[in-house]
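[1] Model the following, please.
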Amino acid sequence: APSVEEMPMPSGRETVYKEGGTLPSVDEERMIVRNGDMSLVVEDVVSARDEIAQLAVRFDGYVVSSRISGEEQDMRGWISIRVPDDEFEPTLAELRELAVRVTSESTDSRDVTEEYVDLQSRLKNAEATENQYLALLDKAEDVEDILNIYDSLSRVRNEIEQIKGRMQY
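    Here you go, the predicted model:
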């Protein structure tokens, strides 16, 4: 059962759904992550898994994970791929074409704009802290102070790398 996840990419407009129905689109850049889950019946599980992996690469994505279990008629496969936003729908269409039959399909989306903005703020603060430590390091003369500053600088640089990694993810 292939699972398609989309890398977060900004989308220009968003429609907000509330209990009462649909509200007008908002002209604000949002970061939406869409996920798709499909169950396919295929002639050859191993070949289908390989074709899906190649499809991910062709659409500028990658394989997150995959597994195959069972033997012969009872063989089952599972693969999770990620593709950029603009390749999400074409990827689903090609996955459907690989199948003898699609037994189930679902998609959902999640707005990660607020999380991303929060990470940007945390990154800015961590980089400002790094600059303050660097300024202190220039003024420090005592070896113990220098070592303490290096230790603090190392921790904040680690935090910066983690935040950047999360933003990229």
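
[2] for Leu55, what are its contacts?
    81, 91, 94-95, 98 (Cβ atoms under 8 Å, 6 or more residues apart in numbering). Glycine gets a C-beta too; all of them are placed from N, C-alpha and C.

[3] Quick check on those residues: which are buried?
    81, 91, 95, 98 (16 or more other Cβ atoms under 10 Å).

[4] among those residues, which are in helices?
    91, 95, 98 (DSSP state H).

[5] Which of these sits closest to Gln73?
    Distance ranking of these against Gln73, using Cβ to Cβ, places Leu98 first at 19.1 Å.

[6] on that earlier part again, got the buried ones among the contacts of Leu55 as TSV, with pLDDT and distance to Ala140 columns?
    Putting these into TSV (pLDDT from 0 to 100; distance: Cβ to Cβ, whole Å) gives the following:
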residue	pLDDT	distance to Ala140
Ile81	92	50
Thr91	93	54
Leu95	93	58
Leu98	90	62
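
[7] Spell out the residue ranges of the helices in this protein.
    45-58, 88-98, 113-139, 143-168.

[8] Make CSV out of those and add distance to Ser104.
    Below are these laid out as CSV (distance: least, Cβ to Cβ, whole Å):
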stretch, distance to Ser104
helix 45-58, 16
helix 88-98, 12
helix 113-139, 29
helix 143-168, 31
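
[9] So, low pLDDT: which residues of this protein?
    Within the chain, the segments meeting pLDDT under 70 span 1-28.

[10] Recalculate using a threshold of 90.
    1-34, 70-74, 84-86, 109-116, 141, 166-169 (pLDDT under 90).

[11] I'd like to know how many residues surround the closest residue in space to Arg110 that isn't next to it in sequence.
    Spatial nearest neighbour of Arg110, chain neighbours left out: Val33 (5.0 Å); criterion: Cβ to Cβ, 6 or more residues apart in numbering. Residues lying near Val33 (other Cβ atoms under 10 Å) number 18.
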